[in-house]
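Asks: Sequence isn't available, so here's the structure alone:
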């Protein structure tokens, strides 16, 4: 799996996941349970992962919908 998105914004992870699901791209949010270690203050970023073969399509789907992503 490849990292598509890294953010502290939980709503952005949910929105991106919904967009990808609508495009038929499976994704997996990682680090969602890190809040137990950080005390729920939101300092540790969450990651959204996709299959390597879906990475280009996933990037395009997010950027076409106004979500800026860094190249990883």
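Replies: Alright, I've got the coordinates. Since the structure is predicted, the reported quantities are computational estimates derived from the model, not experimental observations.
Asks: For stretch 55-72, the averaged confidence score.
Replies: With pLDDT averaged residue by residue, stretch 55-72 scores 89.
Asks: go on, stretch 29-45?
Replies: 73.
Asks: Could you check how far residue 31 is from residue 53?
Replies: Distance, residue 31 to residue 53, using C-beta to C-beta, to the nearest Å: 23 Å. (Each C-beta comes from the backbone N, C-alpha and C, glycine too.)
Asks: higher neighbour count, the two?
Replies: Taking neighbours as other C-beta atoms under 10 Å, residue 31 and residue 53 compare with residue 31 leading, 15 against 9.
Asks: Would you confirm that the more buried one contacts residue 47?
Replies: Yes. Contact criterion C-beta atoms under 8 Å: residue 31 and residue 47 qualify, at 5.6 Å.
Asks: Okay, helices next: where are they in the protein?
Replies: All helices of the chain, identified by DSSP state H, fall at 10-22, 35-38, 55-64.
Asks: Mean neighbour count and distance to residue 3 for those - can I get that in TSV?
Replies: Output for the helices of the chain, formatted as TSV (neighbours: other C-beta atoms under 10 Å; distance: least, C-beta to C-beta, whole Å):
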stretch	mean neighbour count	distance to residue 3
helix 10-22	15	12
helix 35-38	10	19
helix 55-64	16	9
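Asks: Adding distance to residue 1, write these out as a markdown table.
Replies: Rendered in a markdown table, the data for the helices of the chain read as follows (distance: least, C-beta to C-beta, whole Å):
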| stretch | distance to residue 1 |
| --- | --- |
| helix 10-22 | 13 |
| helix 35-38 | 22 |
| helix 55-64 | 9 |
